[in-house]
Every structure is written in C-alpha cells, then in structure tokens.
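Enquirer: sequence and predicted model, in that order:
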Amino acid sequence: MMTCSDFAGHVGTTFTIGLPKTGVAPLTLVEASRRRVVERGRAPFSLVFRSTSAETWPESTYHLTHPVMGQLDIMLVPLRRVENGMDYVATFD
C-alpha cells in the first residue's frame, strides 16, 4: 500500500504516462500532500502531476512508470489548466 511518504521524495521528478492514442508522455510530480492525519492505517493523501501536453486527458486509470518507483497504475483526474499544460490529481483514501 503506497503512502504519501513514498511519493514525497520524488516531487519534481518525471514519470512516464502510457496513453492509448499517442504512446507515452512525461508527467512531473509537483505535489504530494497528506489530506488528514489518522490514528491507524494509511493517511489519505493526494498527488498532483503536471503535463506539458496541450491535450487534456480524460479521467481514467493510467499506467505510469518512474525510474525509482517502477510501474504504477494510478487514477488521474484533470484538475486545472496551467500556463504550459495541465495538472492532474490522484487521490488516495
């Protein structure tokens, strides 16, 4: 079970996302934050990834690869348009 701490050390690094139509694209992890503290179990957290693609990808589970973390399947939801791309959020409860 992944935790916020697993991702926190990788903020600023690049993940590769697998896309059905275009193959792969880079995503940068720009934020890893805990949503609240819990006494037992995994604390809920969220991740924000930034794409430099002009395309907005739909809410879906995507296959991501990272040089240290390996392969992950993560559900991403479009969050907001930014100056040079789009932010996507992943929420873990």
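Expert: That came through, no problem.

Enquirer: where do the strands sit along the protein?
Expert: Listed in chain order, the strands found in the chain under DSSP state E are 14-19, 23-34, 45-51, 60-66, 70-82, 85-92.

Enquirer: which among those strands is found nearest to residue 3?
Expert: strand 45-51 (7.0 Å; C-beta to C-beta). C-beta here means a position set from N, CA and C on the backbone, and glycine is covered the same way.

Enquirer: of the strands of the chain, flag the one that's most buried.
Expert: When neighbours are counted by mean count of other C-beta atoms under 10 Å, the highest per-stretch mean among the strands of the chain falls to strand 45-51, a mean of 20.

Enquirer: of the strands of the chain, which is nearest residue 1?
Expert: For the strands of the chain, distance to residue 1 was read as C-beta to C-beta. The smallest value, 8.9 Å, belongs to strand 85-92.

Enquirer: in CSV: the strands of the chain, plus distance to residue 4 and mean pLDDT.
Expert: Putting the strands of the chain into CSV (distance: least, C-beta to C-beta, whole Å; pLDDT from 0 to 100) gives the following:
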stretch, distance to residue 4, mean pLDDT
strand 14-19, 16, 96
strand 23-34, 5, 95
strand 45-51, 4, 97
strand 60-66, 15, 97
strand 70-82, 13, 97
strand 85-92, 8, 96
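
Enquirer: could you dump these to a markdown table with distance to residue 5?
Expert: Supplementary listing: those in a markdown table, determined by distance: least, C-beta to C-beta, whole Å:
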| stretch | distance to residue 5 |
| --- | --- |
| strand 14-19 | 17 |
| strand 23-34 | 8 |
| strand 45-51 | 9 |
| strand 60-66 | 15 |
| strand 70-82 | 15 |
| strand 85-92 | 12 |
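
Enquirer: which among those is found nearest to residue 6?
Expert: Closest approach to residue 6 among the strands of the chain is made by strand 23-34 (8.6 Å; C-beta to C-beta).

Enquirer: quick one, that closest one and strand 14-19 angle?
Expert: Put simply, strand 23-34 runs at 130 degrees to strand 14-19, going by axes from the mean of the first three to the mean of the last three C-alpha atoms, to 10 degrees.

Enquirer: quick one: strands adjacent to strand 23-34?
Expert: Under the criterion DSSP bridges, strand 23-34 sits next to strand 14-19 (antiparallel), strand 45-51 (antiparallel) in its sheet.
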